[in-house]
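>>> How does the following fold in three dimensions:
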Amino acid sequence: MALNLRSEVRRLRVFDLEQVRHQEPGQEWVPHWHEEWSFGAIVRGECRCSVAGHPFVARTGDVIAIAPGVVHTGAMSAPQYQWRVLVAMLYVPSDWLVNEGLRPPPRSGVARMPRLAESARGLATTAEVQGWLRRAVPALRRSLPADPSAVEPGPPSAAVRALIERVQQAVAGGDLSVADLANRCGVSRERIHRVLTAWVGMAPGDYLRAVRLHRARQLLLAGEPAAAVAAECGFADQAHFTRWFRRSFGYTPGDLLQAAERG
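Predicted coordinates for the structure are as follows:
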């Protein structure tokens, strides 16, 4: 059922800031990431999340921050709201934060901020969205300080860094299967799996699909037609492409194109 659920997406011409309102309980997202900072408010309902492998439940009145490139999943529910939910998300390029003189929080996480969350309910104009972010980002920075007790993993070795770079180059070159990656990089499929799982946080198949979807999103915003994008990014057909696109972002390629035109 979750595959049929859709979210409302708007493109705001503020450093290509994006606003998405998720309103369907039961909606789920496969593991994915964003190139921008993700700031969101649980206005009504719940979202069961996993961010960088750490599960938590964000409830009504919570505000969320997810750093760029951090793999996460989510599923929305509304146990006491008669099947009505509202999660307002803003995807904010780092350039906008720099331009505003705002320092993002040092880590991803969730904070209890009922008034701030409620004020995200009716965000409509570009000025309102920017005003909300000017309040939310400093508040999240105060509420999500760096955790001195956290054990940070050591940096990857030179061999691991080189392999990840070769994987990225292979994907950019059109290799869309784990076997292709292994052949291009000159290592076993098991080695690819170990490195990507440990350092990217995703199994190779999930990583490849996510990269293809992010590439597809960029092509759509560049004006490429959806059918051509589906073929270029290795999906069996446009329906297959649309299904996975919705599972990652919550809205369809057509929704994104309409939002870009309205923006």
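>>> Helices of the stretch 101-250 of the chain, start to end?
For the stretch 101-250 of the chain, the helices defined by DSSP state H, counting those that start in this stretch occupy 114-119, 126-143, 158-172, 178-185, 189-199, 204-221, 226-232, 238-249.
>>> Low-confidence ranges, the stretch 101-250 of the chain, go.
Under the criterion of pLDDT under 70, the regions of the stretch 101-250 of the chain flagged as low confidence span 148-156, 176.
>>> quick one on the thing from earlier: now distance to Gln258 and mean neighbour count too, for the helices of the stretch 101-250 of the chain, in TSV please.
(Each C-beta comes from the backbone N, C-alpha and C, glycine too.) TSV is the format used below for the helices of the stretch 101-250 of the chain (distance: least, CB to CB, whole Å; neighbours: other CB atoms under 10 Å):
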stretch	distance to Gln258	mean neighbour count
helix 114-119	27	16
helix 126-143	18	16
helix 158-172	29	15
helix 178-185	34	17
helix 189-199	34	16
helix 204-221	11	19
helix 226-232	12	17
helix 238-249	14	18
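>>> Let me have those helices in JSON lines, extended by distance to Trp37.
Putting these into JSON lines (distance: least, CB to CB, whole Å) gives the following:
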{"stretch": "helix 114-119", "distance to Trp37": "16"}
{"stretch": "helix 126-143", "distance to Trp37": "8"}
{"stretch": "helix 158-172", "distance to Trp37": "22"}
{"stretch": "helix 178-185", "distance to Trp37": "29"}
{"stretch": "helix 189-199", "distance to Trp37": "21"}
{"stretch": "helix 204-221", "distance to Trp37": "16"}
{"stretch": "helix 226-232", "distance to Trp37": "25"}
{"stretch": "helix 238-249", "distance to Trp37": "16"}
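>>> correct me, but His32 touches Val211?
No - between His32 and Val211 there is no contact under CB atoms under 8 Å: 10.1 Å.
>>> that older thread, nearest to Val9, of the helices of the stretch 101-250 of the chain?
helix 238-249 (7.6 Å; CB to CB).
>>> Mind giving me the packing neighbours of that closest one?
strand 28-32, helix 204-221, helix 226-232, helix 253-262 (3 or more CB pairs under 8 Å, 6 or more residues apart in numbering; DSSP states H and E).
>>> where's His240 relative to Val85, distance?
27 Å (CB to CB, to the nearest Å).
>>> actually His72, not the one I typed
On the measure of CB to CB, His72 and Val85 end up 18 Å apart.
>>> Kindly report the same for Gln258.
Distance from Gln258 to Val85, by CB to CB: 23 Å.
>>> for Arg11, same thing?
In terms of CB to CB, Arg11 sits 23 Å off from Val85.
>>> For Thr125, give me phi and psi.
phi -90, psi 160 (degrees, to the nearest 10).
>>> Kindly report the same for Leu86.
Torsion angles, degrees, to the nearest 10, at Leu86: phi -150, psi 110.
>>> Val87 too?
According to degrees, to the nearest 10, Val87 has phi -120, psi 120.
>>> Quick one: residues contacting it.
By CB atoms under 8 Å, 6 or more residues apart in numbering, Val87 lies in contact with 21-23, 40-43, 45, 47, 76.
>>> Filter those residues down to just the ones in strands.
Mapping the contacts of Val87 onto strands (DSSP state E) picks out 21-22, 40-43, 47, 76.
>>> want to throw these into CSV with neighbour count?
Compiled in CSV, those are given as follows (neighbours: other CB atoms under 10 Å):
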residue, neighbour count
Arg21, 18
His22, 25
Gly40, 25
Ala41, 27
Ile42, 26
Val43, 21
Cys47, 24
Met76, 26
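>>> what separates the residue located most distally from the centre of the chain from Ala162, distance-wise?
Residue farthest from the centre of the chain, counting by CA atoms, centre = their mean, is Gly186 at 30.8 Å. With distances taken as CB to CB, Gly186 is found 11 Å from Ala162.
>>> got it, and Glu18?
Relative to Ala162, Glu18 is positioned 34 Å away (criterion: CB to CB).
>>> that older thread, and of the helices of the stretch 101-250 of the chain, who's closest to Met89?
The minimum distance between Met89 and the helices of the stretch 101-250 of the chain falls on helix 238-249, with 10.2 Å, by CB to CB.
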